[in-house]
Structures are given as C-alpha cells and as structure tokens.
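Engineer: here is the input, now give the coordinates:
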Amino acid sequence: MSSAPVKPLLAVLRGERPSPAPRWMMRQAGRYLPEYRALRADKGGFLELVYDSRAAADITLQPLERFGTGATGLHGAILFSDILIVPYAMGQKLWFETGEGPRLAPPLAESDIGALVPDWSRYEPVYETVRQVKARLRPETTFLGFAGSPWTIATYMVAGQGSKDQAPARRLAYADPARFQAIIDAIVEATLPYLIGQIDAGVEAVQLFDSWAGSLSPQQFERWVIAPNRAIVERLRAARPGIPIIGFPKGAGAKLVDYARETGVDAVGLDETVDPRWADAHLPAGLPVQGNLDPLALVAGGQALDEAIDRILAAFPTRPHIFNLGHGIVPDTPIAHVEQMLGRLGGGK
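Structural biologist: Take a look at the predicted model:
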C-alpha cells in the first residue's frame, strides 16, 4: 500500500516546518523565461494565452520543467492567469494595451455596477487549465490557485486601468461609500465561485492578492481590505473545508498584524518592505508566513542575493515559512540567479 506523497509547501500551510523551507516564486510562470516569450510570440497577446487552456497549462509548468521540483527546485505551481478575469466575468470588457497594461470598460467611476451583464462562462477556460495542469503535475508539487482581493480588483474596475495611488477608487470610497460598498460586495460574490471552481478542478491552496492594500488609511484598510477578505475566507472555508488560504496584502506594513488576526487566513505573504524579524515577533504565534526576498536582489545576484536569502531564513527560526519573493519576479531576472537562489535554499551554501 503506497503512502501519499510528501508535499512540503502544503505542510507549511498546515502549520508544519519541514527543512529546508519550501519555495515558489510569485509570477514564476512568465516573462523572464525565454520559453514563455517564445510561446507568447507564437500564440499572440496575453489574454489569448490565458484563454488557451493548453498554452496556459504549458506556461504554468514551464518553471517546474526548467528548475525542477523537490529539494533543489520549486515546491509549488501557481496557475497562469490574471486577477482581472473576475471583472471580465462580471461584465466589463478587458484588453491589454502593449506596453501600458490592462484596460477595463466601462470604468465604474462613470458607470453603475448594476448595468454590467455577467458572463460566468469566462471562468471555464481557467478551470480547464487547472484540470490540465493537475493531470501533468508531479505528485510532490503543491498546486496554487488565486484571485485578486476585492479592494485591488475595485481599483481597476473604478479607474478602468491601473492608476497612480489608486486615487479614483479612494475618492469614490470617501465620496460615496454606499456605492463603493456595492462594488466590493459584488466582487466578493463573483470571487467565491471562481475560487471554488479552481479548487474543484484541482488546486490545493489559494492566494488572495491585495496588491494595492498599502494605499489606504488604517480606517479604510479595515473596511476595504480586512472586511471583504474575511468574508471570502469565512465563506470559502465553509464551502471547501481544509483548503489553505494565503493572504498577501502588499504594502500593509504594521497593519499586517490586524490583517492576520481578523481575516482568518492560514498564512500571510510578506512584501519586501517588511522586516522579517519584525514579522516573526509581532504576527500571531505559529502563523505560517511567506516571503520576502526583494525581486531586485534576485536581479542583482551574487553575494547580495546570498546574504538576503540568509537574512530571511534566519528571521524565522521556529515559525513555518515558505520562501518566496516580496512581489512578482521581474522580466529582466537572469535565469542563473534563480538557479543560484534555489541552490542556496537547497543547502548549497
């Protein structure tokens, strides 16, 4: 009788502390890989890749095929998709301008969310990607799904694009909190079935990305970050018990403590501005953490990279820890530096 494969990353999310620390990288499937660039050139634009389930599955698996899995490789696969699939399914038009990023129309600064006509079939190709990856994934590798958190999604939906300081959404939240609450509530309702669908298709843990959490005042953070994330966590846990949830409120700083205590997430991602020693001292005892190498330290490589890795590992002598970046890997990251990092983490000092 064979035993179940050991999944170190999943073990950390359940409160264990395997050694060495398991690792994956945010945006590990993407533009720094020549095989990704080649596939994108062949297939077309970014959204076309997301909606080509076979191509998206190939991209999800590319970093694992290049760097390997297990003790000297990666322990997690992160679904190749985009956080803006949720507003796209809610009824906004979505496209990507070359060199400028995503666009959504109509912007909710000028339109009512009730006028949008949802098309939930836009989730289906993502679920098919999950199924295809699951069928090809090595048994020791944890498969992670994700969604954007409501505040971050709302900033794009209101402005129709990324915006400096997220001012359009912040202005609307102050000027008409009831209207903004309706947007947040609608995003919560759209996100729950999306995550459940990913889980049912095969992911084993999910991450909630709140990339713009750092732009809010403490009171606004409580209402627009903590409250909706708590709602998602509570309802997802009731619907699919046992699936670990990672919360990543980038830029939260000292508000991380309240976020960790009040949302109920199983693990907290730390961005590169957080002192890991502070996090270990102030976050709830035993709460798993993820992070938090500066992506630019990975670009630099050499001794600076080794020292940055060592400082992070030393900051968590007893706390369950997943090694990761403090945000997504950047396109000009040398492949050799990723290999250096994995070698260091695998005991190759």
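Engineer: what is the neighbour count of Q132?
Structural biologist: 19 (other C-beta atoms under 10 Å). Where C-beta positions appear, they are placed from N, C-alpha and C, glycine not excepted.
Engineer: for I226, which non-adjacent residue is closest in space?
Structural biologist: E262 (5.0 Å; C-beta to C-beta, 6 or more residues apart in numbering).
Engineer: check whether the one you found really touches A231, as I assumed.
Structural biologist: No: taking contacts as C-beta atoms under 8 Å, E262 lies outside contact range of A231: 11.3 Å.
Engineer: more crowded one of those two?
Structural biologist: Set E262 next to A231 and count neighbours by other C-beta under 10 Å: A231 wins out with 18 against 15.
Engineer: not counting sequence-adjacent ones, nearest residue to that one?
Structural biologist: V188 (5.4 Å).
Engineer: also G251?
Structural biologist: Excluding the flanking residues, the one nearest G251 by C-beta to C-beta, 6+ apart is G214, at 1.7 Å.
Engineer: SS state for that neighbour?
Structural biologist: helix (DSSP: H, G, I helix; E, B strand; the rest coil).
Engineer: show me where pLDDT drops low in this protein?
Structural biologist: Low-confidence segments of the chain (pLDDT under 70): 1-4, 347-349.
Engineer: can you report how many residues neighbour D112?
Structural biologist: Residues near D112, counting by other C-beta under 10 Å: 11.
Engineer: ok, back up a step: which residues does the strand or helix carrying the residue nearest to I226 contact?
Structural biologist: E262 belongs to helix 256-263 when assigned by DSSP states H and E. The contact list for helix 256-263 (C-beta atoms under 8 Å, 6 or more residues apart in numbering) reads 213, 221-222, 225-226, 229-230, 233, 247, 249, 252, 265, 268, 270, 274, 279, 282-284, 287.
Engineer: now do stretch 277-291
Structural biologist: So stretch 277-291 is contacted by 12-13, 15, 246, 248, 254, 256-257, 260-261, 266-272, 274, 276, 292, 312, 315-317, 319-326 (C-beta under 8 Å, 6+ apart).
Engineer: would you list the buried entries among the residues you listed?
Structural biologist: For those, a burial check counting by 16 or more other C-beta atoms under 10 Å picks out 12-13, 246, 248, 256-257, 260, 266-272, 274, 276, 292, 312, 315-316, 319-326.
Engineer: out of the contacts of stretch 277-291, which are inside strands?
Structural biologist: 246, 248, 267-269, 292, 321-325 (DSSP state E).
Engineer: what's the longest helix in this protein?
Structural biologist: The helix that spans the most residues within the chain, counting by DSSP state H, is helix 177-201.
Engineer: measure stretch 69-81 end to end?
Structural biologist: In stretch 69-81, first residue to last residue: 21 Å (C-alpha to C-alpha, to the nearest Å).
Engineer: got the buried residues for that stretch?
Structural biologist: If you call a residue buried by 16+ other C-beta under 10 Å, then stretch 69-81 has these buried ones: 69, 73-81.
Engineer: tell me which two of those residues sit farthest apart.
Structural biologist: Greatest spatial distance among the buried residues of stretch 69-81 (C-beta to C-beta): G73 and S81, at 22.3 Å.
Engineer: got the contact list for the closest residue to V117 other than its chain neighbours?
Structural biologist: Excluding the flanking residues, the one nearest V117 by C-beta to C-beta, 6+ apart is G91, at 4.7 Å. The contact partners of G91, by C-beta under 8 Å, 6+ apart, come to 116-119.
Engineer: which of those are buried, as a ChimeraX select command?
Structural biologist: In ChimeraX syntax, the buried subset of the contacts of G91 is picked out as below (16+ other C-beta under 10 Å):
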select :116
